[in-house]
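S.K.: Following is a predicted model, sequence given first.
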Amino acid sequence: MTPFEFAQTVFDAQPFTRDLGAELLEASADGVVVALDLAPRHLQQHGIVHGGVLSAMADIALAFAGGLAMGSDAVTSEFKINYIRPATGAGLLVRAEALGVTKRQAVVQARVFAGEALCCLAQGTIIRV
């Protein structure tokens, strides 16, 4: 099974990820790319993407990138997010890569884009399960 096939199997087994509408586009030991076609349910009262959606997309990408880098099933231990600008448009694209990997954990960074605009950065610690 390739890293992408493994990641897709895990991705498909997550009810929240499916309900959110996230899609795994790329997955390897080098990182992941996750996308989301935006719908009205993803917005808050000002017509921009809800911060919880941005946070969830970052968390999903962080965990997958960290797990693949460690070659293990993994979960998020902690992460922080910096919102840079409001997210609007038709979709989100999240790129995540592990910056530091040991046997037990990976420190991972994710960049969330709305169209061409960088709307937030996240960094987290992902641990082996």
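M.R.: Here it is on my side, so go on.

S.K.: ranges for the helices of the chain?
M.R.: 3-12, 15-20, 51-70 (DSSP state H).

S.K.: Could I get the buried residue list for the second one?
M.R.: Spelled out, that is helix 15-20. Residues of helix 15-20 classed as buried: 17, 20 (neighbour count, 16 or more other C-beta atoms under 10 Å). No exception for glycine: its C-beta is placed from N, CA and C like everyone else's.

S.K.: Would you convert the helices of the chain into a markdown table that also reports mean pLDDT?
M.R.: A markdown table is the format used below for the helices of the chain (pLDDT from 0 to 100):
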| stretch | mean pLDDT |
| --- | --- |
| helix 3-12 | 95 |
| helix 15-20 | 96 |
| helix 51-70 | 98 |
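
S.K.: Pick the most buried one from those helices.
M.R.: For these, the largest average neighbour count (mean count of other C-beta atoms under 10 Å) is found in helix 51-70, namely a mean of 24.

S.K.: How far off centre is that helix?
M.R.: For helix 51-70, the separation from the chain centroid amounts to 3 Å (computed by C-alpha atoms, centre = their mean, to the nearest Å).

S.K.: cool, and stretch 60-74?
M.R.: 10 Å.

S.K.: how about the strands of the chain, start to end?
M.R.: Here the chain has its strands, by DSSP state E, at 22-28, 31-37, 74-83, 91-101, 105-114, 117-128.
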